[in-house]
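Peer 1: structural data only, the sequence is not supplied:
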């Protein structure tokens, strides 16, 4: 979505230049997304992305081990030390990002492990190695079999255009193709109670809701710490930790909300804020290659002007 918007920007600029409405001397003013102006938030976003990249390397390495370990069989039960220990050893290294990058540098050369494989493995772990819709354990040997396991869009992609991880699960293809189809989770026969031989879906949300509550507690804790900080270093630490937990909270809340949504509203676009940040970042560099006068202005400043000139009532939030 972000790159399509940048292409549209290019086409609009070409049209304006060709029709002599603007030229290289035109002053361009670009509103920067407010989130990008916060140094601590930028740090947290970069740290969060580094952690996810490290996790992806871990998962890729674990999958590679699976591929060469032809004797590995059986169900990936989280309580089975025989099946899970090797992966637990990998995941315990996640915080050691720099060392992990060096140790697994050659993994990227392994073309047998795709990005989709990594996504499947991540979702499989998030779901406790089970199909979220049927409640049945997904074996490792089935996980990478496209005839048995599907990438399933919680809110149908045809409706939401959302292909983010927050909107994806791994589930048994038979259920997805014959029962789920293009329906919302709340519309499924086994959403609240057992049906068609499948256990209820809704109780399985409790594990994800616990993650949400944990992150909310940490956010409150670090908010208090930032207010009571005795120096700038401690205050910055508290703010950064709060941002990290807010990003995790946003991810898990999005996953849970999708399973509870009773309708898809017109304004439902998961990646809107992320796309806005990406577009702003790259649009600035692109515009500077064409126009020598490109100025930036904070989103908070334009918000104030919208209210001063009556474009936006002071008591209302911006409606995108």
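Peer 2: That came in fine, so what should we check first? These figures come from a predicted structure and were not determined experimentally.

Peer 1: now do stretch 125-139: distance to the chain's middle.
Peer 2: Its chain's C-alpha centre and that of stretch 125-139 lie 20 Å apart, by Cα atoms, centre = their mean, to the nearest Å.

Peer 1: what's around residue 180, how many residues?
Peer 2: Using other Cβ atoms under 10 Å, residue 180 has 21 neighbouring residues. C-betas here are computed from N, CA, C, even on glycine.

Peer 1: can you offset everything so residue one is 33?
Peer 2: New numbering, starting at 33: the last item is residue 212.

Peer 1: these two touch, right, it and residue 163?
Peer 2: No - using Cβ atoms under 8 Å as the test, residue 212 is too far from residue 163 to be in contact (10.7 Å).

Peer 1: common neighbours of those two, please.
Peer 2: Taking Cβ atoms under 8 Å, 6 or more residues apart in numbering as the contact rule, residue 212 and residue 163 both touch residue 203.

Peer 1: from what I can see residue 184 touches residue 202, true?
Peer 2: Yes - in this structure residue 184 lies within contact range of residue 202 using Cβ under 8 Å: 7.1 Å.

Peer 1: of these two, give the one with the bigger neighbour count.
Peer 2: A direct count of neighbours by other Cβ under 10 Å for residue 184 and residue 202 places residue 202 higher, at 26 against 23.

Peer 1: correct me, but the more buried one touches residue 157?
Peer 2: No - using Cβ under 8 Å, residue 202 makes no contact with residue 157, being 10.0 Å away.

Peer 1: quick check: the gap between residue 76 and residue 269.
Peer 2: Taking Cβ to Cβ, to the nearest Å as the measure, residue 76 falls 11 Å from residue 269.

Peer 1: looking at those two, which is more packed in?
Peer 2: residue 76 (20 against 16).

Peer 1: figure out the helix or strand that that one lives in.
Peer 2: In this assignment (DSSP states H and E), residue 76 forms part of helix 71-100.

Peer 1: so for that helix, mean pLDDT?
Peer 2: The pLDDT scores in helix 71-100 average 77.

Peer 1: again, but for stretch 315-334
Peer 2: So the average pLDDT for stretch 315-334 ends up being 76.

Peer 1: and it, what's buried?
Peer 2: 315, 318, 319, 323, 326, 331, 334 (16 or more other Cβ atoms under 10 Å).

Peer 1: now, which of the residues you listed lie within strands?
Peer 2: residue 326 (DSSP state E).

Peer 1: nearest to residue 289, out of the buried residues of stretch 315-334: which one, please.
Peer 2: Set against residue 289, the nearest of these by Cβ to Cβ is residue 331 (25.0 Å).

Peer 1: in the stretch 133-282 of the chain, what residue spans correspond to helices?
Peer 2: In the stretch 133-282 of the chain, the helices defined using DSSP state H, counting those that start in this stretch lie at 147-158, 172-175, 189-192, 205-207, 237-260, 264-292.

Peer 1: can I get the buried residues of stretch 315-334 in CSV including distance to residue 197?
Peer 2: CSV is the format used below for these (distance: Cβ to Cβ, whole Å):
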residue, distance to residue 197
315, 25
318, 28
319, 31
323, 37
326, 34
331, 27
334, 32
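
Peer 1: which intervals of this structure have sub-threshold pLDDT?
Peer 2: Within the chain, the ranges that satisfy pLDDT under 70 run 33-39, 64-69, 96-144, 297-313, 330-332, 335-336, 339, 343-352.

Peer 1: one more time with 80
Peer 2: 33-43, 46, 56, 62-70, 86-147, 172-173, 190-195, 296-318, 320-322, 328-352 (pLDDT under 80).

Peer 1: now the farthest one out in it, which residue is it?
Peer 2: residue 52 (41.7 Å; Cα atoms, centre = their mean).

Peer 1: that one belongs to a strand, doesn't it?
Peer 2: No - read with DSSP: H, G, I helix; E, B strand; the rest coil, residue 52 is coil and lies in no strand.

Peer 1: what's it sitting at in phi/psi?
Peer 2: phi 60, psi 30 (degrees, to the nearest 10).

Peer 1: can you mark which positions in stretch 279-295 are buried?
Peer 2: 279, 280, 281, 283, 284, 285, 286, 287, 288, 290, 291, 293.

Peer 1: hmm, residue 169 and residue 161 touching each other?
Peer 2: Yes - look at residue 161 against residue 169 with Cβ under 8 Å: they come within range, at 6.0 Å.
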